[in-house]
Structure formats: structure tokens, C-alpha cells
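Peer 1: Let's see this in three dimensions:
(2 chains)
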There are 2 protein chains.
Amino acid sequence: MPTNTKPQIHQTALSGRADEMQASPIRRLVPLADAAKKRGIKVYHLNIGQPDIATPPEIMAAVHNFEEKVLAYGPSQGLLALREEIKKYFAHHGITITPDEVIVTTGGSEAIMFALMAIGDAGDEILIPEPFYTNYNGFATMSAMKLVPVPTHVEDGFGIPARAEFEKRITPRTRAIMYCSPNNPTGAILSHKDIEMIVQIAIERNLWIMADEVYREFTYDGGHHTSILSYPEVADRAIMLDSISKRFSACGARIGCMVSKNKKIMDAALKFGQARLCPPTIEQMGAIAGYQTIEKFLDSMISEYQYRRDIVCEELAHIPGAVFTKPAGAFYIMPKLPIDDADKFAQWLLTNYSHEGATVMVAPGDGFYASPDKGKQEVRIAYVLKEADLRQAMKTLVKAVETYNKL
Amino acid sequence: MPTNTKPQIHQTALSGRADEMQASPIRRLVPLADAAKKRGIKVYHLNIGQPDIATPPEIMAAVHNFEEKVLAYGPSQGLLALREEIKKYFAHHGITITPDEVIVTTGGSEAIMFALMAIGDAGDEILIPEPFYTNYNGFATMSAMKLVPVPTHVEDGFGIPARAEFEKRITPRTRAIMYCSPNNPTGAILSHKDIEMIVQIAIERNLWIMADEVYREFTYDGGHHTSILSYPEVADRAIMLDSISKRFSACGARIGCMVSKNKKIMDAALKFGQARLCPPTIEQMGAIAGYQTIEKFLDSMISEYQYRRDIVCEELAHIPGAVFTKPAGAFYIMPKLPIDDADKFAQWLLTNYSHEGATVMVAPGDGFYASPDKGKQEVRIAYVLKEADLRQAMKTLVKAVETYNKL
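Peer 2: Sure, this is the predicted structure:
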């Protein structure tokens, strides 16, 4: 050993971000669910936003018809034909964009990562209404940035906080306000007035806006979601994040996009995109077919989710003390249940409970909060199962709360 | 405007890493190539590792036969059936791994990102022989880490540097030694003795080893590459990075993997994997078919590349003053040409040159170096075209060097 070698015992330890990285509250209980299934128990998955609705046959046909001889790299910004379809899709929503204002990403996940990395460095902050999609926590850790939660509350249907709640959390490190509407996990929709408020703060405080609009069309009872791309006054600071996963019931495709009219942020995203070469080619062909035939399947899909939402709310009403508001959009609900600890409850459901040979998997609420000790009595329920399964799952859950509280 | 509002004029600027992020030297000249094509000029693409070899029909058949009703999320660590095939594939190479020691990633790119983020934080350093695959620069910037280059030289065939060259660059921030063998962009292969040296340094200085083995089978003239997974003494510190892109001529699939016997790093990678949910599902089915039928197509593919390598070397020998060694592996060569500036030359090829209606696109060498002012006379050539095209492309290049030097 050379004399200048000093043993550095802990050098092969993991990074700080690896240690800090949360295990997904949606997926971390999967081993317990697998064990339950091995014991012969049916597990209803209300924990993950994986719909049982068939992927439209047009999308599958495009995959089956992929006839290139070489499965080659595509453009880093995504296939032009797909970006043209996305342009048309937005035109249908009354929004004018060009294909150059779109970069196709490997899932909405990558769109969020590109946006975060493009606007912030280690230690920079993003304001976000809480609870929020749990994987934002992971993306922030990976990019060494910090999510600054702005609290919303189950008691008032997770309504947007007052302007002062945002303003008092702005620091010199604040880079953006991020939101998801229709919201995962709460199902709340930001009104035009809500978005107006965020737009005004962003302009006055010179911040970016990151809008996750994955559930754009998932609005019920005649409700409507307004895209951030509809606000010309923030065209230079708006970053729209999107995915086909839910809209086309094609979660395994891993196709999303980032849209902005700010050329410098699109240039930055493209450089990130070039490093990872391209999004998957075959699924882009599927996505093209999906956008071309969206009118054939989308309305009936949304009606089905509205129907499922009503079933979930109907059953939840049978739990004395449960607190929730009927969600206006997306396909999640985040009720507060009369239980001591949702994480303990979710584990218990998988390890110690069954009713008529079945149990339920839910996502514990605390994983959707950045603030400690929040969401301890909340669970996220994804209403992604067909009626019969959903009813049975909810009845099992209702019964489980009763049993759990008698332990 | 509230009185506490201070205008923060530059807050919507881009991040430091967005500014620092290099444009891909492989792809940044694409607009010039597109313009040349619009002028009716044929452009031979030697710039990008996109083979023209057909993707094996078994892989395409698996895509065409994908019959699931719902294109659903897969497991975050990848389909078990694929991880089982990867296990069998390594067994065939005499290496024993379990499916739990594999995480399927979205391309080799994601495997590299997961490994970097798992072992380092902002400012941490990775030692790497230079020149290296240019996108490592991007991944380092994205993860806010620093590549510390250890120089190799075209004059001696880019042979591995002496041990002291690595040792003198180790600091308390050094987390790993990374290498790619067979090498992109040089085509050099690390011998068993070379890897032994890295293994010894890693053990003595307690570092991780990141081994990019994407070109594992691309060895010529009876040469051989030894996997880092063959060294039991570093089983706890070795991270193997891989991709099907080249092996299956399926670059657009975006399927790679990370393999390690270190459980804590696999747990960390899985947490990163859970945040992005899963790699694309359909292409994983293709990859399964690829591994099941690899013996049908791999040998003839390798022979074809060896033949192409010989063509490239034969033609390069016609350039007086060109410096290069016949590469032992991969499908790249990085000659030093008798030109003043490879970047200027590569642009000139696309904007001002054509020979018999055609020109050539090459990747300027400086983008493969982290050190400033290196590789200025080098270009990376990917020999990914069939014989007739490759010969024509190389003749065009030889002619171009002559013309350029008469300007």
C-alpha cells in the first residue's frame, strides 16, 4: 500500500440523497401484499393509480403495426409526428402551441425532473400545496432541491391556501410554485380564480410556475380545468407537465411531455433530453394513435370514473367519523379515517386482516406530505377498479376500520 | 403589491446546471445536417452509434405479440421474467447473479444516473479515464457531481493510465472509479490486468467501481472483455451498467440495467426507480425475447462489426498524418486527424462540403473530454453503416480532409 494512502472507511457509504430518498408510500407495502396473496388472500389494490380500463385498441394496434426494421433512436425531443398531434390536441382545448414548444419525455416523471433541474440547483426551493403527489418528494431529493409545502386541509376539501400562505414562504431560494390540478392525491381542482392568484404571485415575485396537468380531462359534474397555457401573461414562466398514462390508460408506456413557450427552458430541457438520448420509440407510435382517436374513448372513460367516484363516496359515508369531500376530479380521494395511524392500519390490512377472503391495499397519507406528522389519519384511495371490485373493496375497507378500532 | 415584495429580477433565470449542461457533441450539429439534406446532399451519419443492423425478428415479434388488455405499470425493478433472463445471460458468461441483484432501467442512461445519485452528492467526484462517453458529462451535471478525468492518449491506443495517475487524483470527495470497456469512444478494451489495477485501488482507497459494459460482446480478433462482476473481491463495491441498445440493435427500446451484489445500493436504486414508477413495459417483452434468442444473432453481428472496423481503418490509413490504433472492441474509433479544429471541421463538412453529392457527419472529439482544449484534432467515428455506405462515407471523409487543408 502506498504510504500516502489513508484508509477512508466510510467512503463506499451511500450518498446523502440515497439515504434521504423516501420509499414510495404507494409501493413500499408491496412485499406485504405479495405475502398476503401467497396466503391465498385476495388483495384489492386501491393504493396505486393503475386503472383496470383497457388501453384503447387503436393504441395497441399502432404497437402491433410497428414495422421498422431497426428499432432506432428517435429525436431527443420526441418524434415530430407525436409533437404535431400534441399541438392539435391543445388546439382542440383552445390553446395554441408549436411542436418546438413540446419535448416528449419518458413518462410525466421525466418531465418533472427536467423542469426541476432546469430551474433549480442544490438547495433551491419549490412552493407546493400539500398534500401532493408523493413522488415529487423523490424528484426533489434526486435533484437535491427542497419542496416547501403550503398546507391544505381535508376539512375544507383541500381548497387552495390564501395568498399570504404562499407569500410568507417565499425566500431568495424560491424558484417556482408547483401545483397539480386536477389533484393527485386529493381530487381537488384549482378554479380559474385560484390559478389567477398563483399567476399574480409568480409575476410579482418573478417565479416559474410548474403545472402538473396529467388529469386535465378528469373533471366531474360538468366541472372544468383551465390549463396554465391559457394564461398569456405567464407564457414566459409557465411549464406544463403532462403524461398519457391516465388519459390513454397506458401507464406502462412511459410517455409524457413538458410544454413551455419559454425558449430558454426548452433548450435546457433538450440538453437534458440529449443526454438520455430519446424516449421509447414504439410507445410514441402508440401515443400518436391515442391522440388521433381520443374522441372515441375519452368521454366514456371519464363517465366511468365519475360513476366510480360516486361508489367510493357512498361507501365511505358508512364509516362513522370519516372526513372527506366528494372530489371534483382526477381519480383519487384522500379521506381522514377514524384510525390512530394510517401507516399502521395499511400494514395491518395486509398482515392481519381479511374479510370473506379479501383485503384492501391503500396508500398511507403521510407519504403525500413533506411536513412531518401530517396525514397520519389519511389514506389515498385510487378508484381504478370496476364497479363490482370497487364496491367489494370499499365494503372490505369499511368493515376493516370497524374491526381495527375494536382491537 | 404587498409592501414586503422585493422585485427579484433574475429569479426566473435557469439553474446553474442548465447553463453548465453541454449540448451533445453527437447531436448538436443535427440542425446543420438537416439543412444539408434539405439542399439535396446525402449525409452519412458516422456521428451517432445508431447501427443499421436490423433488430432481431424475435424481438419485434414479441412487441407485435403483446396482448395484454391494459398497458399497465410494471414493477419498478423491472419485470421478473426479464431479470430472470438477465441472470441466465450472465450465467452463460460464467457469472452468478440473482434477479434481486438486477434493476431494469430506462436505457443504460438511467442506470448511470441511478448509480451516480446513489453514491454521490453535490460536489462529489468520480475518476474516469478520458476521453469518455460524452453523455457522462451530462449525467454528472444533472446530478451536480464532478468527473475527474485521468488522461489517455491516442498515440498509445488510449491505453489505461498508470496507477499513480489515478491515485494522485483521489481526494476525500472521490466516490468511485468509473470506466467503459470495451470503450466508447476509443474502442479500447481494459485487460484483466488493467481491471485488476482498478480493483486494487478501489479496495485500498475504499471506492466504488462503476463499470459500463454495454459493449461487452463487441470484441474482435479473438479478444475478450472481463466483467467487473467476475471479481469477487469487489462484489460489495462493483456496480455494473448495461443496455440492450447495441447488443440487440434496439437503441429505441430504452432498456438497460444496473447490477450489483451490494444490497444497500440496490435498495437505493429501487427507491429512485419507484419515483419514476417503471421502465417501459412493451420493450421489456422485446428484451426478454432478445435474451432468449441471443445466440441466433450475436456472433454474426460481431463479425459484421469487425469487418466494418477493418474497412474504416483501411480508409483512415489513406489520410496522411492521421493517428489511430485499430480498435479492439465496441464500434467506434477516435482518430487524430491532420486538421486545426475538429469542431470547425465537422461544421464545415455539413455546411460547405460535398463530394459526389454526399458529405459525412462526425462527432467532434472535444466533447468526449472533460479537460479543456483536449481532443481538438480528434473525431469520433461510429462504424454503424453497411459496407457500401461505410466505404463511401470514409472515402468522402478522406477527400474532405484533403480539401479542408487546401482552404
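Peer 1: Chain neighbours aside, what residue packs nearest to A:Ser143?
Peer 2: Leaving out its chain neighbours, the residue that sits closest to A:Ser143 by C-beta to C-beta, 6 or more residues apart in numbering or on different chains is A:Leu116, at 4.6 Å. In this view, the C-beta of every residue, glycine as well, is placed from N, C-alpha and C.
Peer 1: again but with A:Thr403, I slipped
Peer 2: Nearest residue to A:Thr403, sequence neighbours excluded (C-beta to C-beta, 6+ apart): A:Tyr353, at 6.6 Å.
Peer 1: helix/strand/coil for the one you found?
Peer 2: Using DSSP: H, G, I helix; E, B strand; the rest coil, the structure places A:Tyr353 in coil.
Peer 1: now could you export just the CA positions of the helix or strand where A:Glu315 lies as CSV?
Peer 2: A:Glu315 is located in helix A:294-316, with elements delineated by DSSP states H and E. What follows is helix A:294-316 as a C-alpha-only set of coordinates in CSV (Å, rounded to 0.1, in the frame of the first residue of the first chain):
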residue,chain,number,x,y,z
ILE,A,294,-59.0,10.3,-28.3
GLU,A,295,-62.6,11.4,-29.0
LYS,A,296,-63.6,7.8,-29.4
PHE,A,297,-62.8,6.8,-25.9
LEU,A,298,-62.2,9.7,-23.6
ASP,A,299,-65.8,10.7,-22.7
SER,A,300,-66.9,7.2,-21.7
MET,A,301,-63.7,6.8,-19.7
ILE,A,302,-64.5,10.0,-17.7
SER,A,303,-68.1,8.9,-17.2
GLU,A,304,-66.9,5.6,-15.8
TYR,A,305,-64.6,7.4,-13.3
GLN,A,306,-67.3,9.7,-12.2
TYR,A,307,-69.5,6.7,-11.5
ARG,A,308,-66.7,5.0,-9.6
ARG,A,309,-66.1,8.2,-7.6
ASP,A,310,-69.8,8.1,-6.5
ILE,A,311,-69.4,4.5,-5.4
VAL,A,312,-66.4,5.3,-3.3
CYS,A,313,-68.1,8.3,-1.6
GLU,A,314,-71.2,6.3,-1.0
GLU,A,315,-69.3,3.6,0.8
LEU,A,316,-67.0,5.9,2.7
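Peer 1: what sits up against the very next helix or strand once past it?
Peer 2: Sequence-wise, the next helix or strand downstream of helix A:294-316 (DSSP H and E) is strand A:332-333. Residues from elsewhere that reach strand A:332-333 (C-beta atoms under 8 Å, 6 or more residues apart in numbering or on different chains): A:49, A:183-187, A:309, A:312-313, A:316, A:324, A:327, A:380-383.
Peer 1: So which residue is dead centre in chain A?
Peer 2: A:Tyr133 (4.8 Å; C-alpha atoms, centre = their mean).
Peer 1: The closest residue to that residue other than its chain neighbours: neighbour count?
Peer 2: Spatial nearest neighbour of A:Tyr133, chain neighbours left out: A:Asn184 (4.8 Å); criterion: C-beta to C-beta, 6+ apart. Counted with other C-beta atoms under 10 Å in any protein chain shown, the neighbours of A:Asn184 add up to 28.
Peer 1: A:Asn184 belongs to a helix?
Peer 2: No. With three-state DSSP as the criterion, A:Asn184 is coil rather than part of a helix.
Peer 1: can you pick the most crowded of the contacts of strand A:332-333?
Peer 2: Result: A:Thr186 is most packed of those (other C-beta under 10 Å), 31 neighbours.
Peer 1: residues touching that one, list them.
Peer 2: By C-beta under 8 Å, 6+ apart, A:Thr186 lies in contact with A:Pro131, A:Thr152, A:Val154, A:Gly157, A:Phe158, A:Pro327, A:Ala330, A:Tyr332, A:Ile333, A:Met334.
Peer 1: and the residues you listed as JSON lines, adding distance to A:Gln274 and pLDDT?
Peer 2: Shown next, in JSON lines, are the contacts of A:Thr186 (distance: C-beta to C-beta, whole Å; pLDDT from 0 to 100):
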{"residue": "A:Pro131", "distance to A:Gln274": "35", "pLDDT": "98"}
{"residue": "A:Thr152", "distance to A:Gln274": "38", "pLDDT": "97"}
{"residue": "A:Val154", "distance to A:Gln274": "43", "pLDDT": "97"}
{"residue": "A:Gly157", "distance to A:Gln274": "43", "pLDDT": "96"}
{"residue": "A:Phe158", "distance to A:Gln274": "38", "pLDDT": "98"}
{"residue": "A:Pro327", "distance to A:Gln274": "39", "pLDDT": "97"}
{"residue": "A:Ala330", "distance to A:Gln274": "33", "pLDDT": "97"}
{"residue": "A:Tyr332", "distance to A:Gln274": "35", "pLDDT": "97"}
{"residue": "A:Ile333", "distance to A:Gln274": "40", "pLDDT": "98"}
{"residue": "A:Met334", "distance to A:Gln274": "38", "pLDDT": "98"}
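Peer 1: Of those residues - the most surrounded one?
Peer 2: Highest neighbour count within the contacts of A:Thr186: A:Ala330, with 30 neighbours (other C-beta under 10 Å).
Peer 1: now it: how far from B:Lys376?
Peer 2: Here A:Ala330 is placed at a distance of 54 Å from B:Lys376 (C-beta to C-beta, to the nearest Å).
Peer 1: what number of residues lie near A:Pro232?
Peer 2: A:Pro232, neighbours per other C-beta under 10 Å, totals 9.
Peer 1: I'd like the distance between it and chain B.
Peer 2: Applying C-beta to the nearest C-beta, to the nearest Å, the value for A:Pro232 to chain B is 16 Å.
Peer 1: Got the phi and psi for that residue?
Peer 2: Main-chain dihedrals, A:Pro232, degrees, to the nearest 10: phi -60, psi -30.
Peer 1: Specify the angle between the host helix or strand of A:Thr403 and helix A:294-316 in degrees.
Peer 2: If you go by DSSP H and E, A:Thr403 is part of helix A:387-406. Calculated by axes from the mean of the first three to the mean of the last three C-alpha atoms, to 10 degrees, helix A:387-406 forms an angle of 30 degrees with helix A:294-316.
Peer 1: Need the residues that contact helix A:387-406.
Peer 2: Identification of contacts with helix A:387-406 by C-beta under 8 Å, 6+ apart yields A:44, A:46, A:52, A:307-308, A:311-312, A:315-316, A:318-319, A:322, A:337-339, A:345, A:348-349, A:353, A:355-356, A:358-360, A:362, A:381, A:383, A:385.
Peer 1: what do you get if the cut-off is 6 Å, keeping everything else the same?
Peer 2: Applying C-beta atoms under 6 Å, 6 or more residues apart in numbering or on different chains, the contact partners of helix A:387-406 are A:44, A:46, A:308, A:311, A:315, A:318-319, A:337, A:345, A:349, A:353, A:355, A:358, A:360.
Peer 1: Regarding whichever residue of the stretch 301-407 of chain A sits closest to chain B, what is its secondary structure?
Peer 2: Nearest residue of the stretch 301-407 of chain A to chain B: A:Val384, at 10.2 Å (C-beta to the nearest C-beta). At A:Val384, secondary structure determined by three-state DSSP is coil.
Peer 1: pLDDT at A:Val30, what is it?
Peer 2: For A:Val30, the pLDDT comes out at 88.
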